[in-house]
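In: Build me a model from this:
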Amino acid sequence: MNAIPFINLPNKPCHSQFDDQDWQILAQHWYPVARIEDVSSKPQQVTLLDMNLALYKTETGQIHLARDICPHRGVPLSKGWVEGDTLICPYHGLHFNEDGKCSKIPAQPDLTHISERFSLTKFPVVLKYGLVWTSILGRDESLANFPVLDTWESETHQAILPPSVDIAGSSGRQLEGFIDVAHFAWVHHQAFADRHNPVVPKYSTERTDYGLHTNYISNVSNYPHGIQHLAPDDFLWERIFDVYPPFSAMLTIHFPNDGVLKILNACCPVSHNKTRLFVPLTRNFDTTGDLQAVYDFNAQIFAEDQEMVEAQKPEELPLDMSMEAHFEADRSSAMYRRILAEWGLSKRYTV
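Out: Residues are numbered from 1 along each chain as shown. Presented below is the predicted three-dimensional model:
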């Protein structure tokens, strides 16, 4: 996958610790910033690549994203409110329509022509998998490298969207941990894996037009320890990882009796060392089961990973392969790092 040409839109925030070129490359891509169900007419602040955005819904049901700063005197628009289809700044009451144009300045109600300098910086919105996605540099949606969760709207699969997870660690480190199969026995031994079964059988990884595809087969059951007895003794668990750089990956797990669980790991790189993780998932089994049990198991798994990600040094994902040692089971993460390096991201990188 080639790097995408730069687009002359918002500049990197002055307080950002990203390298200028890294920020420009990452800002061209699309990321989830919130769950659709959490968006309301009360504006809220979300942060992407150190840029604060105001997220809100108008009376028509349209979801909008604008830079969270009023062009008049710099007050966060997330402190304001929505009336009908109009966003109102809390400081001087400036009105902004759905296109981001200033439609009214209450202090000068007879003003017939309002300068374009009062317009908001708006960002595109795409709704997928229960999430709000955007790109800071307004990249063409048709060129976006969105992950594919093709069962999200399937009648035979249950769609589940747990709460997001905030991680004090980099998105690159988190994503690499998600596709790492060698850590199961050591990090997830209390959830589903077994420290007496740490061997990683050889697996295949290949480059694709969207990133990389890995097929991993082992006898490590994906059932929680409490129901491990339900797994057939001779069953081999197939786990398929599809990675959509920079920071999304899909895990498909094949269960007994033709069961399929799909987990989307979608990172919002809030900052260079802060990630908001969204995890939409689907399953075609136990579709009337207890959702809280799904939330709890999901939270346990990602909390176990979070502890590792937040402790890693360096915080950034090293793209210079000589900076860390590697063994054969690292083939997926090594390919992931090479893809990011080919994009032109810093060797000391990433997020």
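
In: CA only for contacts and neighbour counts going forward, please
Out: Noted.

In: Can you name the residues in contact with the longest strand seen in the chain?
Out: Across the chain, the longest stretch assigned as strand under DSSP state E is strand 259-271. Here strand 259-271 makes contact (CA atoms under 8 Å, 6 or more residues apart in numbering) with 16-17, 31-33, 47-50, 147, 149, 170-171, 175, 178, 247-255, 275-285, 351.

In: Note down every partner strand of that strand and its orientation.
Out: Applying DSSP bridges to the sheet, strand 259-271 is found paired with strand 248-255 (antiparallel), strand 274-278 (antiparallel), strand 281-283 (antiparallel).

In: Can you show me the CA trace of it as PDB?
Out: Extracted in PDB, the C-alpha atoms of strand 259-271 (Å, rounded to 0.1, in the frame of the first residue of the first chain):
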ATOM      1  CA  GLY A 259     -19.700 -21.000  15.100                       C
ATOM      2  CA  VAL A 260     -18.000 -17.800  14.000                       C
ATOM      3  CA  LEU A 261     -16.900 -14.900  16.200                       C
ATOM      4  CA  LYS A 262     -15.600 -11.700  14.600                       C
ATOM      5  CA  ILE A 263     -13.800  -9.000  16.600                       C
ATOM      6  CA  LEU A 264     -12.800  -5.700  15.200                       C
ATOM      7  CA  ASN A 265     -10.000  -3.900  17.000                       C
ATOM      8  CA  ALA A 266     -10.300  -0.300  15.900                       C
ATOM      9  CA  CYS A 267      -8.000   2.300  17.500                       C
ATOM     10  CA  CYS A 268      -8.500   6.000  17.700                       C
ATOM     11  CA  PRO A 269      -5.000   7.500  18.200                       C
ATOM     12  CA  VAL A 270      -6.000  10.200  20.600                       C
ATOM     13  CA  SER A 271      -2.300  11.200  21.100                       C
END
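
In: now that strand: mean pLDDT?
Out: Strand 259-271 carries an average pLDDT of 97.

In: Can you name the residues bridging to residue 276?
Out: Beta-bridge partners, per DSSP bridges, of residue 276: residue 166, residue 268.

In: wait, doesn't it sit right on residue 166?
Out: Yes: contact criterion CA atoms under 8 Å: residue 276 and residue 166 qualify, at 4.6 Å.

In: Of these two, which one has the most company?
Out: Under the criterion of other CA atoms under 10 Å, the comparison of residue 276 against residue 166 puts residue 276 first, with 24 against 16.

In: Contacts only, for that one.
Out: Residues near residue 276 by CA under 8 Å, 6+ apart: 33, 164, 165, 166, 167, 267, 268, 269, 270.

In: Spell out the secondary structure type for residue 292.
Out: Assigned with DSSP: H, G, I helix; E, B strand; the rest coil, residue 292 falls in the helix class.

In: Retrieve the pLDDT associated with it.
Out: Residue 292 carries a pLDDT value of 90.

In: Let me see the contact set for it.
Out: Listed by CA under 8 Å, 6+ apart, residue 292 has no contact partners.

In: ok, so what distance separates it from residue 283?
Out: 15 Å (CA to CA, to the nearest Å).

In: Please tell me how far the closest residue to residue 254 other than its chain neighbours sits from residue 234.
Out: Leaving aside its chain neighbours, residue 254 sits nearest to residue 260 (4.8 Å; criterion: CA to CA, 6 or more residues apart in numbering). Going from residue 260 to residue 234 by CA to CA gives 18 Å.

In: Please identify which of the two sits among more neighbours.
Out: More neighbours surround residue 260 than the other of residue 260 and residue 234, with 16 against 7 (other CA under 10 Å).

In: Of all pairs in the contacts of residue 276, which one is the farthest apart?
Out: Using CA to CA, the two most remote members of the contacts of residue 276 are 33 and 167, lying 14.0 Å apart.
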